[in-house]
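Participant: Just need the structure, nothing else, for what follows:
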Amino acid sequence: MKIILVDDDKAILIILKRMLNKINGVEVLSCFNNSREALDFISEYHMDIDLAFLDIEMPEENGMDLAKKISTTSSSIDIIFITSNREYTVEAFDICAFDYIVKPVTQERLIRTIERAANKKLILDSERLKQENNISVHLFGGIDVNSKSLGAVKWISAKSMELFVYLILNDGHNVAKSMIIEEIFQGMQIKNAENYLKTSVYQIRKAFVNHVSNPLIISNNGYYKLELDDFYIDFVDFEKRIKDINEINELNINKALEAEKIFNGCLLGDRSYYWSVALSEKYLNHYSNLAIKLGKYLFKVGEMQETTFILKKLI
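Facilitator: Got it, this is the predicted structure:
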């Protein structure tokens, strides 16, 4: 989370910056003593800012007016007021403040706010990717690849589909030709394997020719990789969502439930390949850990129907 701080008290800025810098994943981009300098910075760098911590009672322009101007400049920046007064609470939430913290600020209170903001950002980013990305790849429970405009991708051969999945699971990294031949074209004569590889690459490009505008597979100096800019990939989304969930609580329960929905069965389902077994076990373990934590939490808070659903799914 990238943050700016605005407060006319320099000592408060120093303390807040130190406290925030102790929280994993937080970067304080800049601190300001007045609204004018803060607005100049926001107008130039608003795309890089996630949160703005604002004092309310400041000389020249108060935090409420500054918040309204920030919202006009960028609707993606969440506003958090930090103030000594409780009297502005209603007005703060009228202008859609994300949070309202009364001084003195504790580390625990800051951590709760940052966790909520990070959860919100992750969910919004994931939904945006689903809407913006042309190709959706779902590998939990089977292999389902489709585009918004043309529907399901039609595979020309089983090997071209296997190669595509193999490169997807390498997450856009370069993979050596020798490794691909060893994993996918095992047991073939080298010359035959190389020809099969070239054919499979051609078939993937042909299968996607009407779905994407850019070259899908990049080959260079004996390495191959997939360009993933146009892709929504379910296992990538799942992994991002569960990354920081150590213990289920009221702050991350919705994030955990959204992650649980993504898992629709073992990786690749009944199309599993020998080279994918370890990855399938990895994601199954991730899901099992998440489901058990969810089951315990939901049972504790009395959500018996959801508890039963998740535990049945796990079984």
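
Participant: where does the stretch 101-250 of the chain dip in pLDDT?
Facilitator: 126-133, 213-215 (pLDDT under 70).

Participant: tell me the strands in it, going along the chain?
Facilitator: Secondary structure of the stretch 101-250 of the chain (DSSP state E, counting those that start in this stretch): strands at 135-138, 144-147, 151-152, 175-176, 217-220, 223-226, 231-233.

Participant: doesn't residue 125 make contact with residue 232?
Facilitator: No. With contact defined as Cβ atoms under 8 Å, residue 232 does not reach residue 125; the gap is 11.2 Å. Heads up, the C-betas are built off the backbone N, CA and C, glycines and all.

Participant: quick one on the thing from earlier: adding mean neighbour count and distance to residue 8, write the strands of the stretch 101-250 of the chain out as TSV.
Facilitator: Output for the strands of the stretch 101-250 of the chain, formatted as TSV (neighbours: other Cβ atoms under 10 Å; distance: least, Cβ to Cβ, whole Å):
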stretch	mean neighbour count	distance to residue 8
strand 135-138	19	49
strand 144-147	17	52
strand 151-152	9	57
strand 175-176	15	55
strand 217-220	13	52
strand 223-226	18	51
strand 231-233	20	44
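
Participant: Nearest to residue 78, out of those strands?
Facilitator: Of all the strands of the stretch 101-250 of the chain, strand 231-233 sits nearest to residue 78, with 24.3 Å by Cβ to Cβ.

Participant: Please enumerate the helices of the stretch 101-250 of the chain.
Facilitator: For the stretch 101-250 of the chain, the helices defined by DSSP state H, counting those that start in this stretch occupy 107-132, 158-169, 177-184, 190-208, 234-242.

Participant: Mind listing what's buried along the fourth one?
Facilitator: Think helix 190-208. Neighbour counts over helix 190-208 (16 or more other Cβ atoms under 10 Å) mark 193, 196, 197, 200, 201, 203, 204, 207, 208 as buried.

Participant: Would you mind giving the residues you listed as TSV with distance to residue 251 added?
Facilitator: Below are these laid out as TSV (distance: Cβ to Cβ, whole Å):
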residue	distance to residue 251
193	51
196	51
197	48
200	46
201	46
203	47
204	42
207	43
208	40
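
Participant: could you give the angle of the helix or strand encompassing residue 19 to helix 107-132?
Facilitator: Using DSSP states H and E, residue 19 sits within helix 10-21. Relative orientation of helix 10-21 and helix 107-132, computed by axes from the mean of the first three to the mean of the last three Cα atoms, to 10 degrees: 60 degrees.
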